[in-house]
Every structure is written in structure tokens, then in C-alpha cells.
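**Q** What follows is a predicted protein model with its sequence.
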Amino acid sequence: MKNFTSIAAICAALGFTATAAFAAPIGTSGLNAGAKADVHYDAVGGEWLATASPYVGYDVGGFEFTAETEINLRALDEELFQGVTLTAEYPMGKGALTSTAYASYGTDADFNRASAVIGMKFEY
């Protein structure tokens, strides 16, 4: 019961804070900062997961650059910093079909390469 109570408290707290979380522009410089929160239940693993992802971004010439890290809120007694993900995106197209070209580079806590991705996203 104690575990359920702590999970309910985390979900409630994140629910209230997540509704207020957004990217806040910093002046007119193209810089912005914000955070995302995610709380979900993994039915296969049988555990609740709660993460917060603070980020900073810079928009220039149509490109969107972001630096983001993820914090596991259920394991705050463990190593907090898990690495950084750097992303560059360029949205293209208008109307019913839009696409976004992107590149992402992720590191681990020691800033060693953990991932490098290049791709396209399509929305219709």
C-alpha cells in the first residue's frame, strides 16, 4: 500500500506540474527553455515510470536546436545525470503533408557517444 501511495503522489504532483510546463522563450533571441514530464505504467515490466526532461533550445533560420537530458524521478537516490541528447530539426512543407529532417546525437553520463541518428518524420 505504501508503494501505491507514493506512486499516486508522484502522479498527482506531475499531473499538476505537467499542465504548467511549457517552452518559455527567453526574450527575442530565439532561445527557449522548458521541461517535459512523463508518467506511465509498463504492463510488461510491471513497474511505474516517471521521468522529467529539462531542455534548452535555440531557433535560427528555420532550424531548431535542442539539448535535453532525462531524469528518472523514481530513482533519485541513484546517479541523477544520464547523459545529454543534442538534436537539430528542420521542418519542411506546408498544408496536408509536412516533414521534418532531423539529426540527433546522444551521450552517456561520461559524454561518450551513446547514439547518433539521422532521419525524416512525416505528418499528414
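**A** The structure has been received and is ready for your questions. Residues are numbered from 1 along each chain as shown.

**Q** Leaving out chain neighbours, which residue sits closest to residue 96?
**A** Spatial nearest neighbour of residue 96, excluding adjacent residues (Cβ to Cβ, 6 or more residues apart in numbering): residue 124 at 5.9 Å. Backbone N, C-alpha and C define where each C-beta goes, glycine included.

**Q** Residue 66 pairs with what?
**A** Note on residue 66: beta-bridge partners residue 57, residue 87, judged by DSSP bridges.

**Q** What's the local residue count around it?
**A** 18 (other Cβ atoms under 10 Å).

**Q** wait, isn't it in contact with residue 87?
**A** Yes - taking Cβ atoms under 8 Å as the definition, residue 66 is a contact partner of residue 87 at 4.9 Å.

**Q** can you pull out the strands in this structure?
**A** Listed in chain order, the strands found in the chain under DSSP state E are 24-26, 31-42, 47-60, 63-68, 71-72, 85-92, 98-107, 113-123.

**Q** residues contacting the residue lying closest to residue 42 once chain neighbours are set aside?
**A** Leaving aside its sequence neighbours, residue 42 sits nearest to residue 49 (Cβ to Cβ, 6+ apart; 6.0 Å). By Cβ atoms under 8 Å, 6 or more residues apart in numbering, the contact list for residue 49 reads 38, 39, 40, 41, 42, 72, 74.

**Q** Surely the first one is in contact with residue 71?
**A** No - proximity of residue 38 to residue 71 does not meet the contact threshold set by Cβ under 8 Å, at 10.8 Å.

**Q** neighbour-wise, which of these two wins?
**A** residue 71 (16 against 13).

**Q** Thank you kindly, that will do.
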